[in-house]
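**Student:** Need coordinates for the below:
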Amino acid sequence: MLKEIKTSFSTLRQTSDRIIKVVSEMSGVEKHEISISSSINIDLGIDGDDWTDLQETLENKEGISLEGLRFYDYFWDEGQIAGSSNFIIPTIMFIWYLISFKWLNNKFVNYYERPGQSTDVLTIGDIITSKYEGRFVKRSERKFVLQ
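**Tutor:** As a prediction, the model looks like this:
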């Protein structure tokens with residue numbers, strides 16, 4: 001059974017709007033394009049140092065503690081992103097596709113995926129839930145009860 005978080009609709013809405021506003025300002029994505037199911041690390045493209053900046057801003061503006069969040073479950077650090085394999089592997093695979101005329105059959109769909117790419121997503125809903133819990137908690141682990 002999921003642990004319940006009791007709050008009013010208006011309080012939850014105001015909290016959500018404030019968090020979405022901060023994320024919008026930091027990511028450059030318009031507020032109306034962000035929802036509680038938007039993935040910070042995939043949909044919004046926040047990764048590495050950008051995440052660290054966002055986390056600090058959320059802590060300063062909203063008092064959100066994300067204690068317990070394991071960075072490498074969701075993000076790449078800047079050194080991992082800038083590695084030479086990110087250039088070499090796609091180049092070799094692209095040449096291989098050109099030689100074998102694969103583009104006629106699959107039009108380069110998913111021709112390259114980062115090795116060890118995380119499948120975990122960190123959503124706006126996870127951040128909102130963490131605000132109420134005082135530490136990092138996935139949204140799927142809690143149930144909001146509106147009073």
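**Student:** My read is that R139 contacts K131, right?
**Tutor:** No. With contact defined as Cβ atoms under 8 Å, R139 does not count as touching K131 (11.2 Å). The way it works is simple: take the backbone N, C-alpha and C, and place the C-beta from them, glycine included.
**Student:** quick one: which of these two has more around it?
**Tutor:** Per other Cβ atoms under 10 Å, whichever of R139 and K131 has more neighbours is K131, with 21 against 18.
**Student:** Tell me how far the residue nearest to that one when sequence neighbours are not counted lies from F136.
**Tutor:** Nearest non-adjacent residue to K131, counting by Cβ to Cβ, 6 or more residues apart in numbering: I64, 4.9 Å away. Note on I64: its distance to F136, by Cβ to Cβ, to the nearest Å, is 9 Å.
**Student:** same deal with F9?
**Tutor:** In this view, F9 and F136 are 24 Å apart by Cβ to Cβ.
**Student:** so where is this protein shaky, pLDDT-wise?
**Tutor:** Scanning the chain for pLDDT under 70 picks out 77-87, 96-119.
**Student:** how many neighbours does E33 have?
**Tutor:** Residues contacting E33 under the criterion other Cβ under 10 Å number 12.
**Student:** That one and I127, how far apart?
**Tutor:** From E33 to I127 the distance is 16 Å (Cβ to Cβ).
**Student:** Break down the chain into its helices, ranges please.
**Tutor:** Assigned by DSSP state H, the helices in the chain fall at 9-27, 48-62, 71-74, 78-81, 85-100, 103-106, 124-133.
**Student:** what helices or strands is the last one leaning on?
**Tutor:** Right, the one you point to is helix 124-133. Helix 124-133 sits against strand 3-7, helix 9-27, strand 142-146, with contacts defined as 3 or more Cβ pairs under 8 Å, 6 or more residues apart in numbering; DSSP states H and E.
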